[in-house]
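In: 3D model of this:
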Amino acid sequence: MRVVLASDHAGFRLKQVVAAHLRAGGHDVEDIGSFSEEPVNYPWPCATAARAVVSGSADRGIVLGGSGQGEAMAANKVRGARAALCHDETTARLARLHNDANVLSLGARILGPDLALAIVDVFMATGFEGGRHVERLAEVAAIEADERER
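Out: This is a model prediction of the structure:
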């Protein structure tokens with residue numbers, strides 16, 4: 001699977017761990033930054049990662065920051081992105097099963113590396129359940145379309 005990663009300075013170290021883990025698992029990883037712990041703002045890298053997913057140049061995205069909250073917000077500004085801030089394997093599983101989340105957001109100041117990798121594994125391995133959730137996602141898309149017209 002093609003995965004695009006983005007972080008700010010707070011998420012840089014965990015991003016390195018996640019990238020190595022994904023590559024070891026056979027995934028094609030594109031790291032679009034940050035490339036150090038020098039302070040950098042997160043909105044543009046996270047939006048760029050989300051755009052890569054929405055455009056189809058990546059299958060999934062993972063954005064990382066201190067809490068992961070702002071990163072998810074920035075990614076979700078991209079039409080078609082469904083970024084989920086996940087703190088455990090259950091939220092990752094449900095984000096994929098019920099919401100067809102295509103971007104995972106992680107907080108490096110919240111999660112240890114082992115838990116973060118477990119969350120990544122669940123996010124990557126879980127498919128979308130479909131069924132009753134398809135209609136709900138269509139409603140979300142309709143809200144996006146409505147907001148575009150305003």
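
In: quick one: contacts of the least confident helix or strand in the chain by mean pLDDT?
Out: Counting by mean pLDDT, DSSP states H and E, the weakest-scoring helix or strand in the chain turns out to be helix 132-149, with a mean of 91. By CB atoms under 8 Å, 6 or more residues apart in numbering, the surrounding residues in contact with helix 132-149 are Arg79, Gly80, Arg82, Leu97, His98, Asn99, Asp100. No exception for glycine: its C-beta is placed from N, CA and C like everyone else's.

In: just stretch 72-87 next, same as before
Out: With CB under 8 Å, 6+ apart, stretch 72-87 has contacts from 42-44, 46-47, 49-51, 53-54, 61, 63, 68-69, 71, 91-92, 95, 99-107, 110-111, 119, 123, 137, 140-141, 144, 148.

In: now, which of those residues lie within helices?
Out: Using DSSP state H to define helices, the subset of the contacts of stretch 72-87 located there is 43-44, 46-47, 49-51, 53-54, 69, 71, 91-92, 95, 99, 119, 123, 137, 140-141, 144, 148.

In: Okay, now stretch 92-109: how far is its last residue from its first?
Out: For stretch 92-109, the separation between the terminal residues is 18 Å (CA to CA, to the nearest Å).

In: No further questions, thank you.
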